[in-house]
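Visitor: From the sequence below, what's the structure:
(one chain, ligands or ions: 1)
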Amino acid sequence: MSINLEVPGKLRGLVKQCHDVATQVLRRNARKYDLAEHDYPVELDMLAAMVDGLGASGNGSGAGASGVRRTAAAEDGVVNGSNLSSVLSIMEMCWGDVGLLLSMPRQGLGNSAIASVASDEQLKRFEGVWAAMAITEPDCGSDSANIRTTARPDGDDYILDGEKIFVTAGGRCDAVVVWATLDKSKGRAAIKSFVVEKGTPGMVVERLEHKLGIRASDTATIRFTDCRVPKENLLGSPDIEAEQGFAGVMQTFDNTRPLVAAMAIGCARAALDEIEDLLKEAGVEPDYDRPAFTQHAAAAAYLQMEADWEAAYLLMLEATWMADNNQPNSLQASMAKAKAGRVGVDITLRCVELAGSFGYGENSLLEKWARDSKILDIFEGTQQIQQLIVARRLLNKSSAELK
Ligand SMILES: Cc1cc2nc3c(=O)[nH]c(=O)nc-3n(C[C@H](O)[C@H](O)[C@H](O)COP(=O)(O)OP(=O)(O)OC[C@H]3O[C@@H](n4cnc5c(N)ncnc54)[C@H](O)[C@@H]3O)c2cc1C
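Guide: Okay, here's the model as predicted:
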């Protein structure tokens, strides 16, 4: 099997549609909700209905974060599946606005977790639910094997106790996919994820954060106290299988890291397009047929940024393609996330620099994109954590051997 790097014909319509929506809805409202942090972006309700419609019609399977499910690999060749349509649409939408994309109803990272690991019965039961993802705790971020939230079996339920912080869409969502341990002494293998629906007694959204970027997106602290969750809301196997380790919950990341890479790539593309226009206005046009060092310094900077962008884009496509074709892609997913996260921050900040004072002010979105892109190098595993995973995979070391 080999990868064709062109956008498949069947997805071109979806990409164009997302680009139009990004231009007409997300871009237009980007500054409004950057300034009005915590206000609910009502414009998204209509959009979300459209994404649902695409999914229901089968034309846009995986038109958002909820679509990243692995299916059996086709026997007769290459699959361009829901992972690819998800990254392509997310990239376009983040060209419009990352914060608003993260606020899109029913397209939360919890939806990706459900799509990735839920049974068919659960998938049906949680259809239409907007799900956030809650892993991080006050004493546990990168070291996600160290979570303290507990899940205690009791009759037909589990009882959850603990505190989750920095939950994206945690205030607005309908449900949260919560990581909790069945037995702290049994380490990673005992960590399971549970779908906890809003309104469940014992689940309280305590506060929303004020942030550097993605201000349109709500980021919540949620406390669970004697919170009773039906046993059938556990995603994956309830057994503590030592040899499986973290595999169950970590499987989600193989699907979601390319999505976050796509967010960074989309946001960086927005900055590149803007700076290209500004350079053109100033009479500077990059020439792809001449070595960069023979050109105007700003044109050379642009060419260098584009090359970096392309590398991130290709890594993201590779990781996504592997997911669609049912190939193990942890290494590629982390490579894509690491490269895209770093390139996103570098490009957006460099574009601010190239645009001078115009880039720093609120008359353009350049300064906003520089703020928005930083989180994409932090959540779903920081830059350093992705590099650690890549190193472990390449050197064949376990997490105990290389920390
Ligand atoms: C806006 C926002 C939204 C978020 N959304 C969510 C969400 O929806 N769900 C969720 O669960 N979490 C979410 N998070 C949390 C995010 O995933 C964590 O912030 C991230 O995993 C890092 O954890 P930490 O902040 O505790 O930093 P730490 O883990 O304390 O890391 C601090 C620094 O040390 C570095 N570091 C840590 N360990 C190592 C190591 N072994 N080797 C080298 N360097 C290391 C890190 O890279 C980082 O630079 C969000 C955070 C923010 C800011």
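Visitor: Run through the residues of this protein sitting next to the ligand.
Guide: Proximity of the chain to the ligand (C-beta under 6 Å from any ligand atom) is limited to residues 109, 132-136, 141-142, 166-168, 211, 214, 219, 375, 378-379, 382, 384-385, 388, 403. For the C-beta atoms, the positions are set from N, CA and C on the backbone; glycine is no exception.
Visitor: Now, those residues that are in helices?
Guide: Using DSSP state H, the members of the residues of the chain next to the ligand that fall in helices are 109, 384, 385, 388.
Visitor: how close does whichever residue of the stretch 1-150 of the chain sits closest to the ligand get to residue 256?
Guide: Here the stretch 1-150 of the chain gets closest to the ligand at one residue, residue 141, 1.7 Å apart by C-beta to the nearest ligand atom. As judged by C-beta to C-beta, to the nearest Å, residue 141 and residue 256 stand 16 Å apart.
Visitor: Equivalent analysis for residue 332, please.
Guide: Distance, residue 332 to residue 256, by C-beta to C-beta: 13 Å.
Visitor: before we move on, back to that, when residue 141 and residue 256 are compared, which one has more neighbours?
Guide: residue 256 (26 against 17; other C-beta atoms under 10 Å).
Visitor: ok so that one is a helix residue?
Guide: Yes - with DSSP: H, G, I helix; E, B strand; the rest coil as the criterion, residue 256 is part of a helix.
Visitor: pretty sure it contacts residue 114?
Guide: No - when contacts are counted by C-beta atoms under 8 Å, residue 256 is not listed as touching residue 114 (11.4 Å).
Visitor: so where do the helices sit in the stretch 51-200 of the chain?
Guide: In the stretch 51-200 of the chain, the helices defined using DSSP state H, counting those that start in this stretch lie at 82-96, 98-101, 109-117, 120-125.
Visitor: List the contacts of residue 30.
Guide: Applying C-beta atoms under 8 Å, 6 or more residues apart in numbering to residue 30 gives the contacts 96, 97, 99, 100, 216, 365, 368.
Visitor: From the residues you listed, list the buried ones, please.
Guide: By neighbour count, with 16 or more other C-beta atoms under 10 Å, those hold 96, 97, 99, 100, 216, 365, 368 as buried.
Visitor: one step back: which one of the ones in helices among the residues of the chain next to the ligand is nearest residue 162?
Guide: Nearest to residue 162 among these: residue 109, at 18.6 Å, using C-beta to C-beta.
Visitor: This protein: strands as residue ranges?
Guide: Secondary structure of the chain (DSSP state E): strands located at 131-134, 150-154, 157-168, 175-181, 191-197, 203-208, 219-230, 234-235.
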